[in-house]
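S.K.: Below are the sequence and a predicted model for it; my questions follow.
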Amino acid sequence: MTRATLDKQPHEVASMFDDVAANYDLTNDVLSLGQDRRWRKEVAKAVDARPGQKVLDLAAGTGTSSLPFARAGAYVVPCDFSLGMLREGKKRHAWLPLTAGDATRLPFRDGVFDAVTISFGLRNVQDTGAALRELYRVTRPGGRVVICEFSHPTWAPFRTVYEEYLMRALPPVARAVSSNPDAYVYLAESIQSWPDQPSLARLLQEAGWSKVAWRNLTGGIVALHRGIKAA
């Protein structure tokens, strides 16, 4: 079993996700108390995929997050750097064009996608700015980005309770339901060290995105950031 460190070496993070691939979706459902399903519905609304559009779903894992875009009639490309996740996804969704790729060096041409999205994966990338620039590169002018990521609750008392859950309650729950509970200790630590909502918005702007905005979900446990590539 492996646990990634916060310097986010790609091989360590990929190996960690390889270990948890089989039970990843179920574990997330348990640890988030079912909230992850609501969060993904909000992502689908924000992406607003339409028939005939091309959507890149980065850090797609097993491809479960890509299903709403496919159901909307879009051509969706689930992309992830964990081969274990992709193999598990192939067992479940063999019809999806699951693609191996590094967020900082995407294997796609410039301006290919109408929308790009990444949920709960950006904080695991070693170079956040490089990933945001790559997403910008592969998006067509006028296209959009949607980022769903763990963030920081805005109400201080709630933030204290949440951080206690992350560091004290999450590890024993993870031991009960996950094949690699140490991986979820890393995930909790990576959430705590992640930039807050305004800081991520600034990173998006620095990467070239315009009309950047965000919306808090579940009191700021998760934030939904959006941006447009200027025409």
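M.R.: Cool, got the structure.

S.K.: what comes up buried for stretch 197-214?
M.R.: Applying a neighbour-count criterion of 16 or more other C-beta atoms under 10 Å, one finds 197, 200-201, 203-204, 207, 209, 212, 214 buried in stretch 197-214. (Glycine included, C-beta is placed from N, CA and C.)

S.K.: do the same with stretch 46-54
M.R.: Buried residues in stretch 46-54, defined by neighbour count with 16+ other C-beta under 10 Å: 46-47, 49, 53-54.

S.K.: avg pLDDT for it?
M.R.: The average pLDDT for stretch 46-54 rounds to 98.

S.K.: how about the helices in the chain?
M.R.: Ranges of helices within the chain are 10-20, 24-31, 35-47, 67-71, 83-92, 128-137, 156-164, 170-177, 181-192, 197-206, based on DSSP state H.

S.K.: hey, least reliable of the ones you listed by pLDDT?
M.R.: helix 24-31 (a mean of 67).

S.K.: longest strand anywhere in this protein?
M.R.: If you go by DSSP state E, the chain has its longest strand at strand 139-150.

S.K.: Tell me what angle it forms with helix 197-206.
M.R.: Using axes from the mean of the first three to the mean of the last three C-alpha atoms, to 10 degrees, the direction of strand 139-150 lies 160 degrees away from that of helix 197-206.

S.K.: Just checking: what are the partner strands of strand 139-150?
M.R.: Applying DSSP bridges to the sheet, strand 139-150 is found paired with strand 113-119 (parallel), strand 222-228 (antiparallel).

S.K.: would CSV of these with distance to Ser65 be doable?
M.R.: Shown next, in CSV, are the strands paired with strand 139-150 (distance: least, C-beta to C-beta, whole Å):
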stretch, distance to Ser65
strand 113-119, 6
strand 222-228, 14
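
S.K.: Go through these and pick out the most buried.
M.R.: Highest mean neighbour count of the strands paired with strand 139-150: strand 113-119, a mean of 26 (counted as mean count of other C-beta atoms under 10 Å).

S.K.: mean confidence for that strand?
M.R.: For strand 113-119, mean pLDDT is 98.

S.K.: Can I get it in PDB, CA atoms only?
M.R.: Provided in PDB are the C-alpha atoms of strand 113-119 (Å, rounded to 0.1, in the frame of the first residue of the first chain):
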ATOM      1  CA  PHE A 113     -13.000  21.000 -26.300                       C
ATOM      2  CA  ASP A 114     -16.100  23.100 -25.800                       C
ATOM      3  CA  ALA A 115     -15.900  22.500 -22.000                       C
ATOM      4  CA  VAL A 116     -13.300  21.200 -19.700                       C
ATOM      5  CA  THR A 117     -13.900  20.100 -16.100                       C
ATOM      6  CA  ILE A 118     -12.000  18.500 -13.200                       C
ATOM      7  CA  SER A 119     -13.600  17.400 -10.000                       C
END
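
S.K.: List the contacts of that strand.
M.R.: The contact list for strand 113-119 (C-beta atoms under 8 Å, 6 or more residues apart in numbering) reads 39-40, 43, 47-50, 53-59, 65, 74, 77, 103, 131, 135, 138-140, 143-149.

S.K.: and if you look at stretch 93-112?
M.R.: By C-beta under 8 Å, 6+ apart, stretch 93-112 touches 10, 54, 56, 58-60, 62-64, 66-67, 70, 76-81, 83, 86, 89-90, 118, 121-122, 125-127, 130-131, 134-135, 137-141, 143.
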